[in-house]
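Asker: here is my input; please provide its structure:
(one chain, ligands or ions: 1)
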Amino acid sequence: MTRIGFGIDVGGSGIKGARVDLDTGEFIGERIKIFTPQPATPDAVAATCAEIVKIAEWPDAVGITLPSVIKNKVVLSAANIDPSWVGIDSHELFAKHLPGTDVHVLNDADAAGVAEAHFGDPLAKSGAVMMLTFGTGIGSALLIDGVVFPNTELGHMIVDGQDAENIASSRIKDVEELSYKKWAARVDKVMHEYERLFNPTVFVVGGGISRKADKWVPLLTIETPVVPAQLRNRAGIVGAAMAVEAGLHP
Ligand code: BGC
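Answerer: Next up, the predicted model:
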């Protein structure tokens, strides 16, 4: 029997959900996308998640990612979403909008990391893996043999006196109109710091910009192998759906 889950990925511009085949990591049916309400307050986002579940006619537990630290179900940070998320009990919030539904909330990069470790590059399946997602911020997931150590916030590690994501996210590349070469030099600097302190066996690089990995990954000078993420924009949804079954919610 096919094991099926449902995952929702909350991003800065879109909230996306889909049924996921948990044996293959593929979507079953269509991905549903609704633009992220602005301001992206907890109630507005939770209502949108409920809308997606309703459209999909999904009757069971749901995994939901947020770009936040989530400890004991409480949202502890809100780097690129509405600040009113901080301190919110995710369990209570979603119980209000999805009554009777078991909801598992986890960090977006953690979800992506878990998905990549299971369905991505073979190098990511075992060992000490560091997944990095380059987008509005830099998300991170540390995995050992596919099991995540949740809520690492390495995008906020201080490099050259600044948050790493303020020098090397893909948003910064756009804002400062950096060439791939200039941006890769910044990513390289940040990844040298991660390598020096964590010594992973492999880096997995994700986020939209990993689609153009050939333009910047070869420019990196770190010793550790770097592989592009393979699930593309599926990773968050797949990881969220997996979290339900694995009880991965921190
Ligand atoms: C947030 C992380 C998140 C990452 C990617 C960072 O700014 O602090 O929690 O995983 O962005 O969205």
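
Asker: bridged to V62, which residues?
Answerer: Counting by DSSP bridges, V62 is bridged to V103.

Asker: OK, contacts around it?
Answerer: Shown in contact with V62 (Cβ atoms under 8 Å, 6 or more residues apart in numbering): 6-8, 17, 49, 53, 98, 101-104, 240, 244. Bear in mind the C-beta positions are built from the backbone N, C-alpha and C, glycine included.

Asker: what is the most widely separated pair among those residues?
Answerer: The most widely separated members of the contacts of V62, counting by Cβ to Cβ, are G17 and D102 (15.4 Å).

Asker: give me the more crowded residue out of these two.
Answerer: When neighbours are counted by other Cβ atoms under 10 Å, G17 and D102 differ, and G17 comes out ahead with 30 against 14.

Asker: that one belongs to a strand?
Answerer: Yes - assessed by DSSP: H, G, I helix; E, B strand; the rest coil, G17 belongs to a strand.

Asker: how about K96: what's its closest non-neighbour residue?
Answerer: Among residues not flanking K96 along the chain, A46 sits closest, at 7.1 Å (Cβ to Cβ, 6 or more residues apart in numbering).

Asker: roughly how far apart are that neighbour and A61?
Answerer: As judged by Cβ to Cβ, to the nearest Å, A46 and A61 stand 16 Å apart.

Asker: okay, now A229: neighbour count?
Answerer: Residues near A229, counting by other Cβ under 10 Å: 26.

Asker: the helix-or-strand element of the chain with minimal mean pLDDT and the ligand, are they touching?
Answerer: The weakest-scoring helix or strand in the chain, judged by mean pLDDT, DSSP states H and E, is helix 235-246 (a mean of 92). No - Helix 235-246 lies out of reach of the ligand by Cβ under 6 Å from any ligand atom, never closer than 9.1 Å.

Asker: spell out which residues of the chain are next to the ligand.
Answerer: Within the chain, the positions near the ligand by Cβ under 6 Å from any ligand atom are 67-69, 77, 79-80, 107-109, 133, 135, 137, 139, 153, 155, 165.

Asker: just the strands from this structure, written as ranges.
Answerer: Along the chain, counting by DSSP state E, strands occupy 4-10, 14-21, 27-35, 62-66, 70-71, 74-75, 103-107, 128-134, 138-144, 147-149, 158-159, 162-163, 202-206, 226-228.

Asker: now mean pLDDT too, for those, in JSON lines please.
Answerer: Putting the strands of the chain into JSON lines (pLDDT from 0 to 100) gives the following:
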{"stretch": "strand 4-10", "mean pLDDT": "97"}
{"stretch": "strand 14-21", "mean pLDDT": "96"}
{"stretch": "strand 27-35", "mean pLDDT": "96"}
{"stretch": "strand 62-66", "mean pLDDT": "97"}
{"stretch": "strand 70-71", "mean pLDDT": "96"}
{"stretch": "strand 74-75", "mean pLDDT": "98"}
{"stretch": "strand 103-107", "mean pLDDT": "97"}
{"stretch": "strand 128-134", "mean pLDDT": "98"}
{"stretch": "strand 138-144", "mean pLDDT": "98"}
{"stretch": "strand 147-149", "mean pLDDT": "96"}
{"stretch": "strand 158-159", "mean pLDDT": "98"}
{"stretch": "strand 162-163", "mean pLDDT": "97"}
{"stretch": "strand 202-206", "mean pLDDT": "97"}
{"stretch": "strand 226-228", "mean pLDDT": "97"}
